[in-house]
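S.K.: Pasting the sequence and the predicted coordinates here, then a few questions.
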Amino acid sequence: MRIALIADTFPPLRTSGAVQLRDLSREFVRQGHHLTVMLPSAELNTPWHMDEMDGVQVLRLRAPRTKDIDYVRRTLGEFLMPFAMRRNLMQSPLASQKWDGVAWYAPSIFHGPLVNTLKQRSGCKGYLIIRDIFPEWAVDMGLMGRGLPYRFFDTVARYQYSVADVIGVQTPGNEAYFERWRQQAGRRLEVLQNWLDKPAQAPCSIRIKDTRLAGRKVFVYAGNMGIAQGMDVLLDLADKLRARTDVGFLFVGRGSESARLARDAKGRGLDNVVFFDEIHPDEIPDLYAQCSVGIVALDPRHKSHNIPGKFLTYMQSGLPVLANVNAGNDLAQLIRQERVGQVCENNDADELLRLAERLLAQVSTDPDLPERCRHLFERQFSAEQAVRQIVSALSA
């Protein structure tokens, strides 16, 4: 099939979304499909730029800036983004290209107009890969009320849903939100598990043996440190474990909260905590090989279900998890059912301490724990399965 994949993140960016889309794109090519990834770019001096990565055609289309700017300018930029991409696509060599299917990745919620144009011109189906439900999660977090801004974003999101023939959500728990959408004839709702490709084996620039955590059992968190993660309780946990000289905490990544968290750790005098900036995704497996436990953190105010990409990387590396997530999250049931870690659903530091100590003991006494993690990954989270599922839906 000739498929267009639309997103707003892709390498050389190092976000979890960029890594996911890189892995998905590679797998499309491996399975014999012709894939073009369409991306907005504020850095272009020309309307479009085309190159190739691992057999994937990558078309970057000039569009307004949407990263590292204030929220008002970002919203305006994202609203204009699909129209700018559509206009500049018409000046590219792919202006008259017909597609057998269009897939797109949310976030962002703003791709609908471009997707609709490609679908109508090609007479093909569209598959929406939805990884978070915005603006609902922002309301849950108290970042937004249900006033005018919410109604604007909700209207944009619902237009995006209306363009889709198939929506793939992360977990069964998210299906209820789309129950009304799926009742219209010709629409299909399914669970599309997160995915990850085979890991690279690049040496990691972080060597724990050269830090003050040398010789300790290390809890590692690698990824975005933002409001949605609710990570303050992890510093509370580190504080409660500061007397244990055999345990340490390593935080690797960026995000709106990373600098504040690092200052807080320093202010508390937590010598069992170390922060590093983000590293290349290919270095992650070697980082995890130096650690004992992976950390998953989601703010307890969330009401939707989420299986973060970092959970997949932990499982792939055979690293059990300590998770602090919102009550009722499907991830909690998965961790308990598969016996791949410990999970807290009440955001309580004392409960998290009890679970952390239980997991540390389990790491020392359960030799089958790493293999259970790897087996779960291989069974549920392969890029191969994700591509087959998307292609099947677009072909139906």
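M.R.: Received it, and whenever you're ready, just let me know what you need. Here the structure is a predicted model, which is why all the values come from computation and not from measurement.
S.K.: can you pull out the strands in this protein?
M.R.: 2-6, 34-41, 48-53, 56-62, 101-106, 125-130, 166-169, 188-191, 217-222, 247-252, 273-276, 293-297, 321-324, 341-344 (DSSP state E).
S.K.: what's in contact with the last one?
M.R.: Pointing back at strand 341-344 there. Residues outside strand 341-344 that contact it (CB atoms under 8 Å, 6 or more residues apart in numbering) are 293-294, 320-325, 331-332, 335-336, 351-352, 355-356, 358-359, 362. Any C-beta I mention is one placed from the backbone N, CA and C, and that applies to glycine too.
S.K.: let's see 6 Å
M.R.: 320, 321, 322, 323, 324, 332, 335, 351, 352, 355, 358, 359 (CB atoms under 6 Å, 6 or more residues apart in numbering).
S.K.: Give the buried subset of the residues you listed as a PyMOL selection command.
M.R.: Of these, the buried ones can be selected in PyMOL as follows, counting by 16 or more other CB atoms under 10 Å:
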select buried, resi 320+321+322+323+324+332+335+351+352+355+359
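S.K.: Of the contacts of strand 341-344, which is the nearest to residue 221?
M.R.: Among the contacts of strand 341-344, residue 322 lies closest to residue 221 (CB to CB), at 9.6 Å.
S.K.: Distance check, that closest one against residue 296.
M.R.: Going from residue 322 to residue 296 by CB to CB, to the nearest Å gives 7 Å.
S.K.: Just the terminal-to-terminal distance for stretch 170-178.
M.R.: 12 Å (CA to CA, to the nearest Å).
S.K.: List the contacts of it.
M.R.: With CB under 6 Å, 6+ apart, stretch 170-178 has contacts from 133, 167, 189, 191, 304, 305, 307, 330.
S.K.: what's the model's confidence in stretch 388-396, averaged?
M.R.: Mean per-residue pLDDT for stretch 388-396: 96.
S.K.: in it, what's buried?
M.R.: 389, 390, 391, 393, 394.
S.K.: What's the separation between the first one and residue 168?
M.R.: Note on residue 389: its distance to residue 168, by CB to CB, is 7 Å.
S.K.: How about residue 305?
M.R.: In terms of CB to CB, residue 305 sits 14 Å off from residue 168.
S.K.: So for those two, which residue has more residues nearby?
M.R.: residue 305 (25 against 22; other CB atoms under 10 Å).
S.K.: tell me the contacts of that one?
M.R.: 171, 173, 174, 329, 330.
S.K.: which one of these is nearest residue 31?
M.R.: residue 171 (24.6 Å).
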